[in-house]
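Participant: quick one, what's the 3D model for this:
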Amino acid sequence: MNSHSIRRLGILSARNLHCGSILKKSHKGTFKSGDTKIDTDEITTENNPWSPTILDDIVKVRKPRSLVSEKLPSNYRLAYQPMYEAPSTKYVSLLKRITMGFSVLGIYGAKLLHDSNVEDIYLLTTILTFSLPYLGVHYKTKDYITRIFRLYDKTKPQTLENLVNDENLIMEKLSFTGTKTYNNLLKISDNESLTIIPESKGLMNLLSPYENWISTDKETGEKQKFYVVDDIGGMKMDRIWGIIEKNSNIDNGRYIESKQ
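Facilitator: This next block holds a predicted model:
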């Protein structure tokens, strides 16, 4: 019996022990990377594949331009493990928190200058000088994807046909503080708007945020952008890249035609 089977049996056993008293809620935990050498315990997340009640945990997603996450229907659950884990999550989080600390320091310095009856122009200059690093880091990394989970419908058999016909991914991002994560929902099936963002050149590449996927909601027209590192995640991610490349009229040999 492999480790995945043992882990799944442990989850199912824990679920049976609690089946009479489980409430529909999420179990927050610390962000755990597949690379055990990287400690990311300072990041909290609601995507906890190690939860003993993962089969009953709710999944929350945040729509574009919203600061509040909404619950998905209770028939959806996360996969037991992410299909993609970003290589630099800890360092992006650390950079956000450090630069935010500089911003707070700048505000405190401006207060001291205000108490000393310094002209307002110097107060503003102090705040902007200390805040610009954070604003730059947040702008560049706002679409950085930390993990990707497949979303399963518990009411349907997990056949290839069902997965392909209604394929959705949970795209996990860091919050503006770098200490928490939140989710965006990305539809894969019949979503021809999901394409590759062409890479900017020269100075524009330096000034542009990290982003290489874009998707447009058919009903609202809202756009979602993501930055996903290529060549990570094996065949599962190669298949997703193949679909997006086909939508973008790019042929890298990764697209696999689905047999109906």
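
Participant: ok, residue 236 touching residue 83?
Facilitator: Yes: Residue 236 is in contact with residue 83 according to CB atoms under 8 Å; the separation is 4.5 Å. Bear in mind the C-beta positions are built from the backbone N, C-alpha and C, glycine included.

Participant: among those two, which residue is more densely surrounded?
Facilitator: Legend: neighbour count by other CB atoms under 10 Å for residue 236 and residue 83, higher for residue 83 (19 against 14).

Participant: ramachandran angles for the more buried one?
Facilitator: Main-chain dihedrals, residue 83, degrees, to the nearest 10: phi -90, psi -10.

Participant: from here on, call the first residue 38.
Facilitator: Let's use 38 as the start, then, which means that last one is residue 120.

Participant: got a pLDDT number for it?
Facilitator: In the prediction, the pLDDT value recorded for residue 120 is 94.

Participant: and stretch 114-126, what's buried?
Facilitator: Within stretch 114-126, the residues that count as buried by 16 or more other CB atoms under 10 Å are 114-117, 119-123, 126.

Participant: I misspoke; the intended subject was stretch 145-153.
Facilitator: Buried, per 16+ other CB under 10 Å, within stretch 145-153: 147, 150.

Participant: returning to what we had before: and the buried residues of stretch 114-126 as CSV, adding secondary structure and distance to residue 220?
Facilitator: Listed next are the buried residues of stretch 114-126 as CSV, based on DSSP: H, G, I helix; E, B strand; the rest coil; distance: CB to CB, whole Å:
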residue, secondary structure, distance to residue 220
114, strand, 13
115, strand, 9
116, coil, 13
117, coil, 17
119, coil, 12
120, coil, 14
121, strand, 14
122, strand, 15
123, coil, 14
126, helix, 15
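
Participant: make a markdown table out of the residues you listed and add distance to residue 158.
Facilitator: Below are the buried residues of stretch 114-126 laid out as a markdown table (distance: CB to CB, whole Å):
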| residue | distance to residue 158 |
| --- | --- |
| 114 | 55 |
| 115 | 51 |
| 116 | 54 |
| 117 | 57 |
| 119 | 49 |
| 120 | 52 |
| 121 | 47 |
| 122 | 46 |
| 123 | 41 |
| 126 | 39 |
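
Participant: tell me the one of these nearest residue 266?
Facilitator: Checking the buried residues of stretch 114-126 against residue 266 by CB to CB gives residue 123 as the nearest, at 6.1 Å.

Participant: from residue 263, how far out is the residue nearest to that closest one when sequence neighbours are not counted?
Facilitator: Excluding the flanking residues, the one nearest residue 123 by CB to CB, 6 or more residues apart in numbering is residue 183, at 5.0 Å. For residue 183, the distance to residue 263 equals 11 Å [CB to CB, to the nearest Å].

Participant: residue 145 too?
Facilitator: Residue 145 is 35 Å from residue 263, by CB to CB.

Participant: repeat for residue 149
Facilitator: According to CB to CB, residue 149 stands 41 Å off from residue 263.
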